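K.L.:
here's my sequence, what's the structure:
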Amino acid sequence: MRQVKAARLAAQYWSRLRSHPEALAAATGADLVVVLDSRAVRAGWQLARRPSAPRVLNGAAAAGRELTAR
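P.N.:
Residues are numbered from 1 along each chain as shown. Predicted coordinates:
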């Protein structure tokens, strides 16, 4: 039951992001998108699948490694 609710929340998060052109433009125009919670994982995955996708990372540790490497 809990996984179903989490999946529904993630789908709603992505739906809301893509329905707001300004928010979607900001996310797709970024150099790096960091997914920090379970609700944003689906949105990050959807963003990463786009042809002009920014680099999408899951978690602060991965983002720290990426920024250190830059």
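
K.L.:
mind checking which helix or strand of this structure has the lowest mean pLDDT?
P.N.:
Here the helix or strand of the chain ranked lowest by mean pLDDT, DSSP states H and E is helix 2-19, holding a mean of 82.

K.L.:
so which bits of that one are buried?
P.N.:
Buried residues in helix 2-19, defined by neighbour count with 16 or more other CB atoms under 10 Å: Ala10, Tyr13, Trp14, Leu17. C-beta here means a position set from N, CA and C on the backbone, and glycine is covered the same way.

K.L.:
which residues are contacting the helix or strand following that helix?
P.N.:
Remark: after helix 2-19, the chain's next helix or strand is helix 21-28, criterion DSSP states H and E. In this structure, residues lying in contact with helix 21-28 by CB atoms under 8 Å, 6 or more residues apart in numbering are Leu17, Arg18, Val33, Ala43, Leu47, Arg50, Ser52, Ala53, Pro54.

K.L.:
what do you get if the cut-off is 6 Å, keeping everything else the same?
P.N.:
The contact list for helix 21-28, computed with CB atoms under 6 Å, 6 or more residues apart in numbering, reads Leu17, Arg18, Val33, Leu47.

K.L.:
how far does the next helix or strand after that helix sit from its chain's centre?
P.N.:
Downstream of helix 21-28, the next assigned helix or strand under DSSP H and E is strand 32-35. Centroid separation for strand 32-35 versus its chain: 6 Å, with CA atoms, centre = their mean, to the nearest Å.
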